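A.B. asks: predicted model and sequence below, questions to follow.
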Amino acid sequence: MFRRFAVRASAVLVALCLLSAYPAGSARADDDTDSAQGIAAVVNDQIVSRYDLEQRVKLIMVTSGIPNTPENKNRIESQVLRSLVDEALETQEAKRLEIKVEDDEVVKQLEGIAKRANMTMEQIETFLKENDVSETSLINQIKADLAWNKVVGQQFGPLVTVGEEEIDDVMKRLKDEADQPRYLVSEILLTFDTPAQEQEMVGGAHRLAEQIRQGAPFAAVAQQFSQSPSSANGGDIGWVHLSQLAREVAPVVEQMGIGATSEPIKTLNGVYIVQLRNKQTGIGSDPMQDQWTLARVVLPLSVDAPPALVERRAEEATRFAREFKSCADLPTQIKSYVGGMAETPRTVFFGKLDARMQQTLSKVKPGEVAPPIRSNQGVEMVAVCDHQVVSGEMPTRDAIEDNLYAQQLSMMARRHLRDLRRDAVIEIR
């Protein structure tokens, strides 16, 4: 249920883990005057102050790797303010439902962040102070996320069901596409509900894409800004086929080079930025690890057999291949051929076979027989009993169910937040 919390809190974790890469104080902007103590927005009579906004901008700067310059602050300020408005709506909804976040829950989350970053709570406090970030800003963000997680879990968790047929459909599609190219993709998704928001999100996406091209870590930016469930993993959606991507996104990914970051891609209700981290053909992690079950078949023939006998054996081999169905029938089938021998099937790794056999197997499939060859023993064939693709990346049914559940829950959460925005009185100043 705490997927949404992981979106933002893990971004702080990334920053703490990269502490040595961004020395204390290196991300500060030069401020000639104190922060303005004005009002940035009013959300249903709840004030979001300029101080709240500026503190959150600083927090995001140090947790996303974006250089904290006046220019960059101006670029992301509107996106950050939208996040603060959403947090206000989320906490108001939690209050309406009488959902509370206890202090010990916040402390537990902070301790978890510190433990995963191999730091103490004191070191986290020092890190924030040295980057001129108020600890209160981080705590408020954690409280809002925890509260919203509880709202979503309580209101929509019981409504989400993932049927066996849905899982079967995904499994079938993955198997059907096993020999198609796969792409290791990360994403950032910014959603919108109105034409005005669409323009704002497109502009924000362009600014984020520019920051990434200038060196901001894609994962850290995704964790702070993306509204997709994948943001909990830095935008990583793993290995996917083109059919698993949005219709507008798939052709862009297909044409991208490894390591490239796309321009913003507009869809019906959102804007994507994607990064292609790798590409491969087939779902198997390594074809050389594929397992083939083979049976050697020999129609005996002496080395000096006359041409007529050799021709007869060749005809028998053709007939054998035509009639072959499965290795289970081999013992019975071979009896029809005088002196014929069929060895017990054995399973071998593709990488252990010689190059000639590898080339031969690339042209046959289970239930077929490789073309016969003349050897000192006679006419030899290899019957293919089975071929198991080593699918190291093939997800389990549980993983597919979790993913489908998260997608449905996230969709319900976005719709509910959209409804809250629509019904709210929001004044941006």
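C.D. replies: Ah, there it is.

A.B. asks: distance of residue 185 from residue 62?
C.D. replies: Using Cβ to Cβ, to the nearest Å, residue 185 is found at 27 Å from residue 62. Every residue, glycine included, has its C-beta placed from N, CA and C.

A.B. asks: looking at those two, which is more packed in?
C.D. replies: residue 62 (27 against 24; other Cβ atoms under 10 Å).

A.B. asks: please identify which helix or strand holds that one.
C.D. replies: helix 50-64 (DSSP states H and E).

A.B. asks: I'd like the mean pLDDT over that helix, please.
C.D. replies: In this model, helix 50-64 has an average pLDDT of 86.

A.B. asks: just the C-alphas of it, formatted as PDB.
C.D. replies: Extracted C-alpha coordinates of helix 50-64, given in PDB (Å, rounded to 0.1, in the frame of the first residue of the first chain):
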ATOM      1  CA  ARG A  50       6.100  31.100  -0.500                       C
ATOM      2  CA  TYR A  51       8.400  29.700   2.200                       C
ATOM      3  CA  ASP A  52       6.800  26.200   1.800                       C
ATOM      4  CA  LEU A  53       7.400  26.400  -1.900                       C
ATOM      5  CA  GLU A  54      11.000  27.600  -1.700                       C
ATOM      6  CA  GLN A  55      11.900  24.900   0.800                       C
ATOM      7  CA  ARG A  56      10.300  22.200  -1.300                       C
ATOM      8  CA  VAL A  57      12.200  23.500  -4.400                       C
ATOM      9  CA  LYS A  58      15.500  23.200  -2.400                       C
ATOM     10  CA  LEU A  59      14.600  19.800  -1.200                       C
ATOM     11  CA  ILE A  60      13.900  18.600  -4.800                       C
ATOM     12  CA  MET A  61      17.100  20.200  -6.000                       C
ATOM     13  CA  VAL A  62      19.300  18.200  -3.600                       C
ATOM     14  CA  THR A  63      17.300  15.000  -4.100                       C
ATOM     15  CA  SER A  64      17.200  15.100  -7.900                       C
END
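
A.B. asks: how distant is it from the center of its chain?
C.D. replies: Helix 50-64 sits 27 Å away from the centroid of its parent chain (Cα atoms, centre = their mean, to the nearest Å).

A.B. asks: I'd like the next helix or strand past it.
C.D. replies: Counting by DSSP H and E, what follows helix 50-64 is helix 70-96.

A.B. asks: strands of the stretch 201-350 of the chain, start to end?
C.D. replies: Under the criterion DSSP state E, counting those that start in this stretch, the stretch 201-350 of the chain carries strands at the ranges 236-240, 265-266, 270-281, 291-300, 341-342, 346-349.

A.B. asks: residue 203 is nearest to which of those?
C.D. replies: strand 270-281 (9.5 Å; Cβ to Cβ).

A.B. asks: now do that closest one against strand 236-240, angle only.
C.D. replies: 50 degrees (axes from the mean of the first three to the mean of the last three Cα atoms, to 10 degrees).

A.B. asks: check which residues of strand 270-281 are buried.
C.D. replies: Residues of strand 270-281 classed as buried by neighbour count (16 or more other Cβ atoms under 10 Å): 270, 271, 272, 273, 274, 275, 276, 277, 279.

A.B. asks: which of the residues you listed lies closest to residue 132?
C.D. replies: The closest of the buried residues of strand 270-281, once distances to residue 132 are taken by Cβ to Cβ, is residue 273, at 28.5 Å.

A.B. asks: ok, the closest one - contacts?
C.D. replies: Counting by Cβ atoms under 8 Å, 6 or more residues apart in numbering, residue 273 touches 187, 188, 205, 208, 209, 212, 261, 262, 263, 264, 265.

A.B. asks: buried ones only from the residues you listed, please, as a PyMOL command.
C.D. replies: Only the buried entries of the contacts of residue 273 go into this PyMOL selection, using 16+ other Cβ under 10 Å:
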select buried, resi 187+188+205+208+209+212+261+262+264+265
